[in-house]
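Q: What follows is a predicted protein model with its sequence.
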Amino acid sequence: MQLPRPLAASINCLPLPLVQRAVALVFRQVLARHPGLFDRLGPYANRRFRFDPTDLGFSFVVYPAGPDITVYRAGKAPPASATVSGPLVTLLALLEGQIDGDAVFFSRSLSVSGDMEAMLALRNGLDDCGFDLPRDLSGLAGPFAPPLQRLAEAIRARALAGMV
Amino acid sequence: MELICPAGTPAAYREAVEAGADAVYCGFRNDTNARNFPGLNFTTEEMGTAIAHGRARGVQTFVALNTFMRAGEEEVWYRAADDAVALGADALILADMALMDYVATTYPDQRLHVSVQASAANADAVNFLVDTFAAKRLVLPRVLTVAEIAALARQVDCELEVFAFGGLCVMAEGRCSLSSYITGQSPNMNGVCSPASHVRYREEGHDMVSELGGFTINRFGADEPAGYPTLCKGRFLIAEEDAYAFEDPVSLDVMDHLEALRAAGVSALKIEGRQRGKAYVAEVVSRLRKALSAPPAERPAQLAQLRRLSEGQRTTSGAYEKKWR
């Protein structure tokens, strides 16, 4: 599923520093809920992993050994050890382990390049860690957490319908 | 028939149990098992937790120690066997006869299964393993027809487990040297076929090119379903024709032959895929569980969806109904 164009266009208009701050906040929140997130990476934790959503104008580079995440405008990110690109929803579904990485690869819905050993380690680590983005991130909404989580879960269910 | 399900991570293990596995097979995080991929497999502590989780829910755990020991480093395999036994594994899945001997001698009460990697595909080989190491079950290589499996079952005194769904090795398993020919590493000795360290993908226009050890082994056109970067599923130039020499990118599915396999005396159906994610494990195990109890006419509807998860997004019954011999 592609991100709706008006939504993507709106996000793309946001200033880079603002997106960087929001993404870093989310990253810290996720790490706080999943402190063992990068345990399975072992020696590959010092690689840089780039995520290129094909329907969004930003790239995200994750450095597990930091740990930190850096946002770039699409096409401006430096080379990384391994790169995965595909629709944002597919990347998020992979992050949560809602879909199988091999199946998505077979379907050609995403492409990977670079160090496949590092990419495989990251994929397996993410698959085991039990991400649940609506649950993990709703805490940021304070008293609005329960309705926001329900809304996010409904959006996710709709986005995942019919995916591999 | 029992449903034997794969798990490469604790999360996948829990999904397999939840989805209806009778037993889950898994391995330690080292080269003692044939799915020694980065980030995959279980620490000793995780294995203990998984075994306890399964046991509390009536699900058995089989620990795969199905690579061949390296001379001078046997201790790694012996220690893994010691750990698996101490943790309460319901069975050890072994390929190396020296390791079978160690387990049969040191732990005579431990249930021993012979891995597909042992490549035992005839009555003499199976009976030797049963008589010598008291093997209780043998996982058959994917090279026999259903009729051949039935004939074998009549001549051996052990349970037979067959692969029913998932990745398809078309070679003599445990003996295949294609991966080591290019990369120096094999599933037999290192636990990895086409190790990720030797795999690269690149985009050329709309095509995706896969490389193994610096050799281009396949090129997938725009929207053409892809396969694993293994040499046996590579595309070759033969007599000026660009074609698959050994096997197309395709997965195994023999669920159309359930009744015949049951009648043949097969005790257990195995799902391949310890390298797959938990979503795959949950979906495949739950659908096969339903298919096992569904009338034959309703099975295709249960299983059709699984094709989209398969290598090349296609399935085959492979050697089980061999038409090409």
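A: Cool, got the structure. Residues are numbered from 1 along each chain as shown, chains lettered A, B, ... in the order given.
Q: Any regions of the chain where pLDDT drops low?
A: Because you didn't say which chain, this covers chain A. For chain A, the stretches with pLDDT under 70 are A:162, A:164.
Q: oops, I was thinking of chain B
A: In chain B (pLDDT under 70), the answer is B:323-325.
Q: Point me to the residue of it nearest chain A.
A: residue B:39 (3.2 Å; C-beta to the nearest C-beta). For glycine as for every other residue, the C-beta is placed from the backbone atoms N, C-alpha and C.
Q: To which secondary structure element is that residue assigned?
A: Using DSSP states H and E, residue B:39 sits within no helix or strand.
Q: I'd like to know which residues of chain A are adjacent to chain B.
A: Within chain A, the positions adjacent to chain B are A:40-42, A:44, A:97-103, A:105-108, A:111-114, A:116-125, A:127-130, A:164 by C-beta under 8 Å from any C-beta of the partner chain.
Q: mind listing the helices for the stretch 51-200 of chain B?
A: B:74-87, B:97-106, B:123-133, B:146-155, B:178-183 (DSSP state H, counting those that start in this stretch).
Q: biggest helix in the chain by residues?
A: Answering for chain A, as no chain was given. helix A:16-33 (DSSP state H).
Q: Oops, wrong one, chain B.
A: Max-length helix for chain B by DSSP H is helix B:278-293.
Q: In terms of secondary structure, what does it contact?
A: Counting by 3 or more C-beta pairs under 8 Å, 6 or more residues apart in numbering or on different chains; DSSP states H and E, the packing neighbours recorded for helix B:278-293 are helix A:101-106, strand B:2-6, helix B:10-19, strand B:159-166, strand B:268-271, helix B:299-304.
Q: Name the residues of it that come out as buried.
A: The neighbour-count check on helix B:278-293 (16 or more other C-beta atoms under 10 Å in any protein chain shown) flags B:278-292 as buried.
Q: do stretch A:24-40 as well
A: Within stretch A:24-40, judged by 16+ other C-beta under 10 Å, the buried ones are A:27, A:30, A:31, A:33, A:34, A:37, A:38, A:40.
Q: for stretch B:175-189, same thing?
A: Judged by neighbour count using 16+ other C-beta under 10 Å, the buried positions of stretch B:175-189 are B:176, B:178, B:179, B:180, B:182, B:183, B:185, B:186, B:187, B:188, B:189.
Q: quick one: that stretch near chain A?
A: No. Residues of stretch B:175-189 contacting chain A under C-beta under 8 Å from any C-beta: none, with a closest distance of 11.7 Å.
Q: Pull up the distance across that stretch, start to finish.
A: Start-to-end span of stretch B:175-189 (C-alpha to C-alpha, to the nearest Å) is 10 Å.
Q: Would you tell me which one of the buried residues of stretch A:24-40 comes nearest to chain B?
A: Closest to chain B, out of all of the buried residues of stretch A:24-40 and judged by C-beta to the nearest C-beta, is residue A:40, at 4.2 Å.
Q: So the closest one is in contact with residue A:124, correct?
A: Yes. Residue A:40 is in contact with residue A:124 according to C-beta atoms under 8 Å; the separation is 5.7 Å.
Q: Chain A: helices as residue ranges?
A: A:5-12, A:16-33, A:88-96, A:101-106, A:116-129, A:133-138, A:145-160.
Q: In JSON lines, list these along with distance to residue B:91.
A: JSON lines is the format used below for the helices of chain A (distance: least, C-beta to C-beta, whole Å):
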{"stretch": "helix A:5-12", "distance to residue B:91": "51"}
{"stretch": "helix A:16-33", "distance to residue B:91": "36"}
{"stretch": "helix A:88-96", "distance to residue B:91": "33"}
{"stretch": "helix A:101-106", "distance to residue B:91": "27"}
{"stretch": "helix A:116-129", "distance to residue B:91": "24"}
{"stretch": "helix A:133-138", "distance to residue B:91": "37"}
{"stretch": "helix A:145-160", "distance to residue B:91": "36"}
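Q: Figure out which of those is closest to residue B:244.
A: With C-beta to C-beta, the closest approach to residue B:244 among the helices of chain A belongs to helix A:101-106: 15.6 Å.
Q: could you dump the longest helix of chain A to PDB, C-alpha only?
A: Below are the C-alpha coordinates for helix A:16-33, written out as PDB (Å, rounded to 0.1, in the frame of the first residue of the first chain):
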ATOM      1  CA  LEU A  16      13.800  18.700   8.300                       C
ATOM      2  CA  PRO A  17      14.700  19.700  11.900                       C
ATOM      3  CA  LEU A  18      11.200  19.300  13.000                       C
ATOM      4  CA  VAL A  19      11.000  15.800  11.400                       C
ATOM      5  CA  GLN A  20      14.300  14.900  12.900                       C
ATOM      6  CA  ARG A  21      13.200  15.900  16.400                       C
ATOM      7  CA  ALA A  22       9.900  14.000  16.100                       C
ATOM      8  CA  VAL A  23      11.600  10.900  14.700                       C
ATOM      9  CA  ALA A  24      14.300  11.000  17.400                       C
ATOM     10  CA  LEU A  25      11.600  11.200  20.000                       C
ATOM     11  CA  VAL A  26       9.800   8.100  18.600                       C
ATOM     12  CA  PHE A  27      13.200   6.300  18.400                       C
ATOM     13  CA  ARG A  28      13.900   7.000  22.000                       C
ATOM     14  CA  GLN A  29      10.400   5.900  23.100                       C
ATOM     15  CA  VAL A  30      10.800   2.600  21.200                       C
ATOM     16  CA  LEU A  31      14.200   2.000  22.700                       C
ATOM     17  CA  ALA A  32      12.900   2.600  26.100                       C
ATOM     18  CA  ARG A  33      10.200   0.000  25.600                       C
END
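Q: Give me the helices and strands touching it, please.
A: Here helix A:16-33 touches strand A:58-63, strand A:68-73, helix A:133-138, going by 3+ C-beta pairs under 8 Å, 6+ apart.
Q: got the angle for it vs helix A:5-12?
A: Helix A:16-33 runs at 100 degrees relative to helix A:5-12, counting by axes from the mean of the first three to the mean of the last three C-alpha atoms, to 10 degrees.
Q: With adjacent residues omitted, what lies nearest to residue B:224?
A: Computed as C-beta to C-beta, 6 or more residues apart in numbering or on different chains, the closest residue to residue B:224 that is not its neighbour in sequence is residue A:108, at 7.2 Å.
Q: Wait, the one you found touches residue B:225, no?
A: Yes. Using C-beta under 8 Å, residue A:108 makes contact with residue B:225 at a distance of 6.7 Å.
Q: Up against chain A, what does the stretch 101-250 of chain B have?
A: So the stretch 101-250 of chain B meets chain A at B:195-197, B:199-203, B:208, B:220, B:223-228, B:249 (C-beta under 8 Å from any C-beta).
Q: at 10 Å instead, please
A: With the criterion set to C-beta under 10 Å from any C-beta of the partner chain, the stretch 101-250 of chain B comes near chain A through B:167, B:192, B:194-203, B:206, B:208, B:210, B:220-229, B:249.
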